[in-house]
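J.: Would you be able to build a 3D model of this:
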Amino acid sequence: MTEFTKPTPAMASARTANEPLPEAGRSAGTPHLGMTSRQAWVTMALAVLILIPSMYGFVGKFVEFVHIYRGASGGEFAIAPILNYLLASAGFFCMLLWAAWNGMFRDVERPKVEFLENERLLDRDVRT
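T.: This next block holds a predicted model:
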């Protein structure tokens, strides 16, 4: 029976030191951040399986919303969901713009390095 040893930041950095970092000029269709082509295909398939029904529902509600706007009756129930979709989408879009404006996508590797460094400091403080 082997004893479990807690991984240290040195072990984690040694494991990832040989992995190449993603290149900035990489084409849009290639896997990145260690993702294999199979993982990329599975991710794309799941995205399509989730997005198609969602888009179908949204487009259906939007068509009903247009009918209400033109004066047809019977679709008043679509007003609240459409407005909720539009407001939520606008909110998420504003958060995306805010994150991009504040540079949150410039160095996506920094948080994990800071996390490991903080873990090392906390472990050192606990031992003393």
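J.: What's the mean pLDDT across the helix or strand hosting residue 80?
T.: Assigned by DSSP states H and E, residue 80 falls within helix 79-101. When pLDDT is averaged along helix 79-101, the result is 88.
J.: and the next element down the chain from that helix?
T.: helix 110-127.
J.: what's the angle from the longest helix along the chain to helix 79-101?
T.: In the chain, with assignment by DSSP state H, the single longest helix is helix 37-69. Helix 37-69 runs at 130 degrees relative to helix 79-101, counting by axes from the mean of the first three to the mean of the last three C-alpha atoms, to 10 degrees.
J.: what helices or strands is helix 37-69 leaning on?
T.: helix 79-101 (3 or more C-beta pairs under 8 Å, 6 or more residues apart in numbering; DSSP states H and E). Yep, even glycine has a C-beta here, placed from its N, CA and C like the rest.
J.: Who are the packing partners of the helix it packs on?
T.: Packed next to helix 79-101, using 3+ C-beta pairs under 8 Å, 6+ apart, are helix 37-69.
J.: can you pull the buried residues of the helix it packs on?
T.: 61, 64, 65, 68 (16 or more other C-beta atoms under 10 Å).
J.: taking the mean pLDDT, what do you get for stretch 111-128?
T.: On average, stretch 111-128 scores 90.
J.: no, scratch that, I was asking about stretch 66-75
T.: Stretch 66-75 comes out at a mean pLDDT of 75.
J.: show me the contacts for residue 82.
T.: 61, 62, 64, 65 (C-beta atoms under 8 Å, 6 or more residues apart in numbering).
J.: quick one on the thing from earlier: and the buried residues of helix 37-69, which is closest to residue 117?
T.: residue 61 (47.5 Å; C-beta to C-beta).
J.: Go ahead and confirm the closest one touches residue 79.
T.: No: under the criterion of C-beta atoms under 8 Å, residue 61 is not in contact with residue 79, lying 9.3 Å apart.
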